[in-house]
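S.K.: I would like the atomic coordinates for the input below:
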Amino acid sequence: MSDFENDVYYDPYDVDIEADPYPVFRRLRDEAPLYYNDQHDFYALSRYEDVERGVVDSKTYISGRGTILEIIKANIEIPPGVLIFEDPPIHTVHRGLLSRVFTPRRMAALESKIREFCATSLDPLVGSGRFDFVADLGAQMPMRTIGMLLGIPEGDQEAIRDQVDANLRTEPGQPMQSVTTDAFSGDMFADYIDWRAEHPSDDLMTEMLQAEFEDETGTRRRLTREEILVYVTVIAGAGNETTTRLIGWAGKVLAEHPDQRRELVEDRSLIPNAVEELLRFETPAPYVGRCLARDVELYGQTVPEGNIMLFLFGAANHDDRRYADPDRFDIHRENGQHLTFGYGIHFCLGAALARLEGRVALDEVLTRFPEWEVDWAKAKRAQTSTVRGWETLPVFTS
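M.R.: Numbering: from 1, shown residues only. As a prediction, the model looks like this:
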């Protein structure tokens, strides 16, 4: 039987599958390692080795039409500066500019501010008997961190986050609607950038305004206003959503593994590896899409040029060809490399920041709330087709 006659079914918009995709992911890996969905017209790879090999091959699997299924299918012109939706040589130029900002050393210098943001969110809740991992912490601290990096006034940060989040939201079981270039226009940041041009400071907007670089044509220049607007939009979206989901998953998974949570309370040196295991175990962005620049032979099938390939990070991170007992959560696991931040030229620039935020958030929560249980009656999943996690995750604390 060919893979395409198999009865295994995967749909990234299916609410029931999304609630617990791992049984479907296992079937995909075992029965249909090259999968085709005719309803939404995409192919998918689910085994770790295939996904790792594919995301590294940026000449075959290109990003220039987008990396989100709906955006690739909309076939819209992506404005320059949407880094994750670019191919070399322009991607190389734009990534080089941003990599100056997202250095591990610069990220590490943020730790005290991130702890301060966590304390501001959590301290008023001590003794209340409950708090929400997402609403009270996950939706607050990453927003304040990115807002500080960009140079957005604190009073405006929530409105900006809500607008960015709204662009990602979908109706349950439905693709993202009305995909247009407006989502990347950055209009919401225009006033800040114009003000920053007149009042430089020690923030990312100022750095973008002042950066000189050699573009893909060999011309030495500064970024245009439009390019900066797009850059800032991308950073604001990428810097909020996935870290918010990571913090929500920490609340859920550690509630279900109280013995491991108590180990973390007793030994904080285990936290960095626990964060890596959380990133592997519940991957906040379960897939990334690419467009084929040429025909590809896989598992005896030809996937023609122009088709969409989804690389299922969430499935690859649970591949028992790569991990022993992958569906078991284990803070002591010797992880090696997981694929949550991607791989190759599109490896997540914000990985060091996301890891730092995850470590600090978990440390600060455990200090104040060593024990908690999820209030399932009020927990609510987030509806997006690009990230997977919780809209609200309230917990009872003791």
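
S.K.: mind listing the helices for the stretch 51-200 of the chain?
M.R.: Listed in chain order, the helices of the stretch 51-200 of the chain (DSSP state H, counting those that start in this stretch) span 69-74, 90-99, 104-108, 111-122, 141-150, 157-168, 190-198.

S.K.: which other helices and strands contact the helix or strand just after the last one?
M.R.: In this case it means helix 190-198. Downstream of helix 190-198, the first helix or strand assigned by DSSP states H and E is helix 204-210. On a contact count with 3 or more Cβ pairs under 8 Å, 6 or more residues apart in numbering; DSSP states H and E, helix 204-210 meets helix 141-150, helix 190-198, helix 225-256. Heads up, the C-betas are built off the backbone N, CA and C, glycines and all.

S.K.: right, and these - which one's nearest Asp30?
M.R.: Set against Asp30 and scored by Cβ to Cβ, the helices and strands packed on helix 204-210 come closest in helix 225-256, at 24.5 Å.

S.K.: avg pLDDT for that closest one?
M.R.: What helix 225-256 shows for mean pLDDT is 88.

S.K.: can you check stretch 341-358 too?
M.R.: pLDDT averaged over stretch 341-358 gives 91.

S.K.: one step back: can I get the helices and strands packed on helix 204-210 in CSV with distance to Ala382 and mean neighbour count?
M.R.: CSV is the format used below for the helices and strands packed on helix 204-210 (distance: least, Cβ to Cβ, whole Å; neighbours: other Cβ atoms under 10 Å):
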stretch, distance to Ala382, mean neighbour count
helix 141-150, 14, 24
helix 190-198, 27, 15
helix 225-256, 7, 23
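
S.K.: For this protein, just list every one of the strands.
M.R.: Taking DSSP state E to define them, one finds strands in the chain at 34-37, 42-45, 61-62, 130-132, 212-214, 220-222, 288-292, 296-298, 301-303, 308-311, 372-374, 380-381, 390-392, 394-397.

S.K.: which stretch among those comes nearest Glu266?
M.R.: Ranking the strands of the chain by proximity to Glu266 (Cβ to Cβ) places strand 372-374 first, at 16.2 Å.

S.K.: From the contact counts, what lies against the closest one?
M.R.: Using 3+ Cβ pairs under 8 Å, 6+ apart: strand 372-374 touches helix 225-256, strand 394-397.

S.K.: How far off centre is stretch 307-320?
M.R.: Relative to its chain's centre, stretch 307-320 lies at 15 Å (Cα atoms, centre = their mean, to the nearest Å).

S.K.: Give me the distance between the two termini of it.
M.R.: End-to-end distance of stretch 307-320 (Cα to Cα, to the nearest Å): 28 Å.

S.K.: picking up where we left off before, averaging pLDDT over each of the strands of the chain, which comes out lowest?
M.R.: Sorting those by mean pLDDT places strand 212-214 lowest, at a mean of 89.

S.K.: Sheet partners, orientation included, of that one?
M.R.: As defined by DSSP bridges, the strand partners of strand 212-214 come to strand 220-222 (antiparallel).

S.K.: Hmm, Cys107 is touching Ala354, no?
M.R.: Actually, residue 107 is Met rather than Cys. No. Assessed by Cβ atoms under 8 Å, Met107 is found out of contact with Ala354, at 9.3 Å.

S.K.: worst-scoring helix or strand of the chain, pLDDT-wise?
M.R.: Ranked by mean pLDDT, DSSP states H and E, the weakest helix or strand in the chain is helix 157-168, scoring a mean of 66.

S.K.: With adjacent residues omitted, what lies nearest to Glu256?
M.R.: Phe329 (7.8 Å; Cβ to Cβ, 6 or more residues apart in numbering).

S.K.: ugh, wrong one, Val101
M.R.: Spatial nearest neighbour of Val101, chain neighbours left out: Leu204 (5.5 Å); criterion: Cβ to Cβ, 6+ apart.

S.K.: do Ile146 as well
M.R.: Leaving aside its sequence neighbours, Ile146 sits nearest to Gly239 (Cβ to Cβ, 6+ apart; 3.7 Å).

S.K.: got it, and Glu207?
M.R.: The shortest distance from Glu207 to any non-neighbouring residue, by Cβ to Cβ, 6+ apart, is to Val101 (6.0 Å).

S.K.: For that neighbour, give me phi and psi.
M.R.: Dihedral angles phi and psi of Val101 (degrees, to the nearest 10) take the values phi -90, psi -40.

S.K.: my guess is Gln39 contacts Asp11, does it?
M.R.: Yes. With contact defined as Cβ under 8 Å, Gln39 reaches Asp11; the gap is 7.0 Å.

S.K.: the more surrounded of those two?
M.R.: It is Asp11, of Gln39 and Asp11, that has more neighbours when counted by other Cβ atoms under 10 Å, with 15 against 8.

S.K.: thought that one was touching His40?
M.R.: Yes. Shown here, Asp11 and His40 form a contact pair, counting by Cβ under 8 Å, at 6.8 Å.

S.K.: Show me the shaky parts of the chain.
M.R.: Across the chain, the ranges flagged by pLDDT under 70 are 1-6, 161, 163-186, 335, 385.

S.K.: Thanks again, I'm all set now.
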